[in-house]
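>>> Would you be able to build a 3D model of this:
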Amino acid sequence: MRVKQVKDIDGFFKALERCQGRVELITDEKDVLNLASKLTQFVGLTRVFGNPDIEAYEIVCYNGEDYQLIKEFLVPAE
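Purely as a prediction, here's the structure:
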C-alpha cells in the first residue's frame, strides 16, 4: 500500500508488535526497512516519518492479517 503518513506512530508501533509476518517500508529510493526491527523503528523511521521531503512510501505486509492490524494507522497516498 502506498502511504503518505502514519496517523498515530505509537499505535502503529504497538500494532507492529502483534504482526506475525514480515512488514516492510520501502522508500522511492528502494531502501527497504524491516519494521519488525526495534532499531529500524527508533532510528530509521524517525527520519522517514519526520522528513517532509519524503512524500510517500510503500508499506508491504507479507501476511494479509497483519495489514488488518496496521491499516487504521495509515493515510493512503493519492
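
>>> From now on I want contacts and neighbour counts done on CA atoms only, so please keep to that.
Will do.

>>> outside of whichever helix in the chain runs longest, which residues touch it?
Longest helix in the chain, counting residues (DSSP state H): helix 9-18. By C-alpha atoms under 8 Å, 6 or more residues apart in numbering, the surrounding residues in contact with helix 9-18 are 6, 23, 35-36, 41, 66, 69-70, 73.

>>> Could you list every helix and strand that the helix or strand where E65 lies packs against?
E65 is part of helix 64-70, with elements assigned from DSSP states H and E. Helices and strands touching helix 64-70, by 3 or more C-alpha pairs under 8 Å, 6 or more residues apart in numbering; DSSP states H and E, are helix 9-18.

>>> Tell me where the model's unsure across the chain.
Nowhere does the chain drop to pLDDT under 70.

>>> residues near the closest residue to F73 other than its chain neighbours, how many?
Once flanking residues are discounted, F73 sits nearest to K7: 5.1 Å by C-alpha to C-alpha, 6 or more residues apart in numbering. When neighbours are defined as other C-alpha atoms under 10 Å, K7 has 12 of them.

>>> same deal with Q41?
The burial count for Q41: 18, using other C-alpha under 10 Å.

>>> How about the one 4 residues further on?
Other residues within reach of L45 by the criterion other C-alpha under 10 Å amount to 17.

>>> so where does it fall, helix or strand?
helix 45-49.

>>> Only the buried residues of that helix, if you could.
By neighbour count on 16 or more other C-alpha atoms under 10 Å, the buried set for helix 45-49 is 45, 48-49.

>>> That one - contacts with which helices or strands?
So helix 45-49, by 3+ C-alpha pairs under 8 Å, 6+ apart, packs with no helix or strand.

>>> following that helix, which helix or strand shows up next?
Of the helices and strands lying after helix 45-49 in sequence (DSSP H and E), the nearest is strand 57-61.
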